[in-house]
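>>> Turn this into a model:
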Amino acid sequence: MSFYKGSAKRCLDISMSLLSLILLLPLILLMSLLILLFDFGPIIFKQVRVGQYGKPFVFYKFRSMPVNTGDIPSDQIKEIKITWIGKLIRRTNIDEIPQLFNILKGDMSIVGPRPSIKNQVKLIELREQSGALECKPGLTGLAQIKSYDGMPTEDKAAFDSEYAAKITFMNDLKIVLRTFLYLLKPPPVY
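Numbers count the residues shown, from 1 in each chain. From the prediction side, this is the model:
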């Protein structure tokens, strides 16, 4: 195992997530207040996701959908009535900021395959077969920056496998930089 994959990646995850949380604190407080004022209910959405080696963990997001909305595929989101604040935080990906706490806790990494939900059985099986399930899930990943509407599970798993085979500082840096370009595009519908 390389020095980067073995320990430097974790040190970088801790320092970058801590620094980001400090810098983003005013935005975190503002979003928390807006969610509380305009979309009553919990500020944070919690969901069990599949983590490294298939171990479940509690995943955090700012809540953007109505309380008690179940697990729904992204192509059915348009059928749900979402408040203006929910639409704003989804479109800008601000809803992902609380995952910095998951990174700090060690559940996730800055870069890695996105954490799947338990009912994405095919994706989990493909990741297990390719070794991608041995990676910590990421805030961003190779499959996300290369995503497109209707992307099949096999393609997602292939990008996850490609990432797992080449975990280096330079590859992570490229993915982080390309994530900023990805954020300028509308999110894909799977």
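
>>> Pick out the residue nearest the middle of the chain.
The centroid of the chain falls nearest to Leu139 when counting by C-alpha atoms, centre = their mean (3.9 Å).

>>> Go ahead and report the secondary structure state at it.
strand (DSSP: H, G, I helix; E, B strand; the rest coil).

>>> That one is in contact with Asp107, isn't it?
No - counting by C-beta atoms under 8 Å, Leu139 stays clear of Asp107, with 10.9 Å between them. Using the backbone N, CA and C atoms, a C-beta is placed for each residue, glycine as well.

>>> Buried ones in stretch 18-31, by neighbour count?
Residues of stretch 18-31 classed as buried by neighbour count (16 or more other C-beta atoms under 10 Å): Ser20, Leu21, Ile28, Met31.

>>> quick one: pLDDT of the residue nearest to the centre of the chain?
Note on Leu139: pLDDT of 96.

>>> related to what we said a few turns ago, which of the buried residues of stretch 18-31 fall in strands?
Among the buried residues of stretch 18-31, none falls in strands (DSSP state E).

>>> Pick out the most distant pair among those.
Ser20 and Met31 (14.2 Å; C-beta to C-beta).

>>> sorry, back to before: any idea which of the buried residues of stretch 18-31 is closest to Lys122?
Ser20 (32.5 Å).

>>> for the closest one, what are its contacts?
Going by C-beta atoms under 8 Å, 6 or more residues apart in numbering, Ser20 touches Leu100.

>>> Please apply the same query to the one 10 residues further on.
Counting by C-beta under 8 Å, 6+ apart, Leu30 makes contact with nothing.

>>> Next one: the residue in the chain sticking out farthest from the centre from Ile43, what distance?
Most distant from the centre of the chain: Leu37, at 25.6 Å, with distances by C-alpha atoms, centre = their mean. Leu37 sits 11 Å away from Ile43 when distances are taken as C-beta to C-beta, to the nearest Å.

>>> count of residues packed around Val121?
12 (other C-beta atoms under 10 Å).

>>> Which of the buried residues of stretch 18-31 sits closest to Lys9?
Ser20 (15.9 Å).

>>> gap between that closest one and Pro137?
17 Å.

>>> Could you pull up the contacting residues of the residue nearest to Met108 when sequence neighbours are not counted?
Leaving aside its sequence neighbours, Met108 sits nearest to Asn102 (C-beta to C-beta, 6 or more residues apart in numbering; 4.2 Å). Asn102 sits next to Phe57, Phe59, Tyr60, Met108 when contact means C-beta under 8 Å, 6+ apart.
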